[in-house]
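K.L.:
Next comes the sequence, and after it the predicted model I'd like to discuss.
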Amino acid sequence: MASDGYVQGAPDSTGKKVDTSEQTRDDGTVVERQRVALADPLDLTGLARVEGEIGRGALAVSDRHLALLESIDDKLTLLVELIGGALE
């Protein structure tokens, strides 16, 4: 089982900065949690929005991609039913 950990870099007062938030783990250790943005390489304002309840985020999917994902889900459901029937 994996456990939480952290990597501590050397101070860099004049270089690039990493966007983080301070978190206190269950064992009392204070760590920095790095935030990462899913971004469009051509549009500086094209960032993915994370939605959902606390502790469970979800990325919004466009209608164009939703139809494809639903088609894949339908095919996987059918495949599971076929395999289940073959195993009986």
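P.N.:
Looks like it arrived, so ask away.
K.L.:
now stretch 68-77, how far from the centre of its chain.
P.N.:
Centroid separation for stretch 68-77 versus its chain: 21 Å, with C-alpha atoms, centre = their mean, to the nearest Å.
K.L.:
do stretch 27-43 as well
P.N.:
10 Å.
K.L.:
so where's this protein uncertain?
P.N.:
1-3, 7, 88 (pLDDT under 70).
K.L.:
Show the residue spans covered by the strands in it.
P.N.:
20-24, 30-34, 50-53, 56-59 (DSSP state E).
K.L.:
Kindly state which of these is positioned closest to residue 40.
P.N.:
strand 56-59 (13.4 Å; C-beta to C-beta). Any C-beta I mention is one placed from the backbone N, CA and C, and that applies to glycine too.
K.L.:
Quick check: which helices or strands does the closest one pack against?
P.N.:
Where contact means 3 or more C-beta pairs under 8 Å, 6 or more residues apart in numbering; DSSP states H and E, strand 56-59 is packed against strand 50-53.
K.L.:
Alpha carbons only: can I get the strand it packs on in CSV?
P.N.:
In CSV, the C-alpha atoms belonging to strand 50-53 read as follows (Å, rounded to 0.1, in the frame of the first residue of the first chain):
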residue,chain,number,x,y,z
VAL,A,50,-13.0,20.8,-11.8
GLU,A,51,-16.4,20.4,-10.3
GLY,A,52,-18.0,18.1,-7.7
GLU,A,53,-18.2,17.6,-4.0
